[in-house]
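Participant: Pasted the sequence and its predicted model underneath.
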Amino acid sequence: MQSQFTALCAAADGTSVVVENVFENRFRHVPELVRMGADILLHGRTAVIRGVPRLHGADVAARDLRGGAALVLAALAANGQTTVRGTGYIDRGYERLERMLGGLGARIKRHEETHGKKEPEAGTTA
């Protein structure tokens, strides 16, 4: 849940510190959150997160299951449209995620890519 918690902290008031003591390379979602306007500094296994008033839509890529889920959650909280690529990671752990979140009011669409894989587009409109 560290990835999802990091995404939450990116949109929360104040400064948060997240330390990853279990796995290496678990902050691969951070550069993607930064593309969305997050203010995050990495120092080894520690992330210093300064909350921003609002994230914005961007073209981002999932690098693993949990990081991908974090990007979808960040996209739902962001202004504008976000495209999340690399959804194969997300699909391995969250079956029909767009349908479940759609039942809660999220607007998520899957689009065909030129190489034939489906990719979701998630976001909110301002």
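Facilitator: Sure thing, it's come through. Numbers count the residues shown, from 1 in each chain.

Participant: where do the strands sit along the protein?
Facilitator: 15-19, 39-43, 46-50, 59-61, 80-85, 107-112, 118-124 (DSSP state E).

Participant: low-scoring pLDDT stretches of the chain, where are they?
Facilitator: Flagging of the chain using pLDDT under 70 yields the residue ranges 112-126.

Participant: biggest helix in this protein, by residue count?
Facilitator: In the chain, taking DSSP state H as the definition, the longest helix is helix 65-77.

Participant: Counting by contacts, list what that helix packs against.
Facilitator: Contact partners of helix 65-77 among helices and strands, from 3 or more CB pairs under 8 Å, 6 or more residues apart in numbering; DSSP states H and E: helix 2-10, helix 30-35, strand 80-85, helix 87-93, helix 97-102, strand 118-124. Glycine gets a C-beta too; all of them are placed from N, C-alpha and C.

Participant: Now mean neighbour count and distance to residue 19 too, for those, in a markdown table please.
Facilitator: Converted to a markdown table, the helices and strands packed on helix 65-77 look like this (neighbours: other CB atoms under 10 Å; distance: least, CB to CB, whole Å):
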| stretch | mean neighbour count | distance to residue 19 |
| --- | --- | --- |
| helix 2-10 | 22 | 9 |
| helix 30-35 | 20 | 13 |
| strand 80-85 | 20 | 26 |
| helix 87-93 | 17 | 24 |
| helix 97-102 | 15 | 28 |
| strand 118-124 | 20 | 28 |
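
Participant: Which among those is found nearest to residue 73?
Facilitator: Of all these, it is helix 2-10 that lies closest to residue 73, at 5.2 Å by CB to CB.
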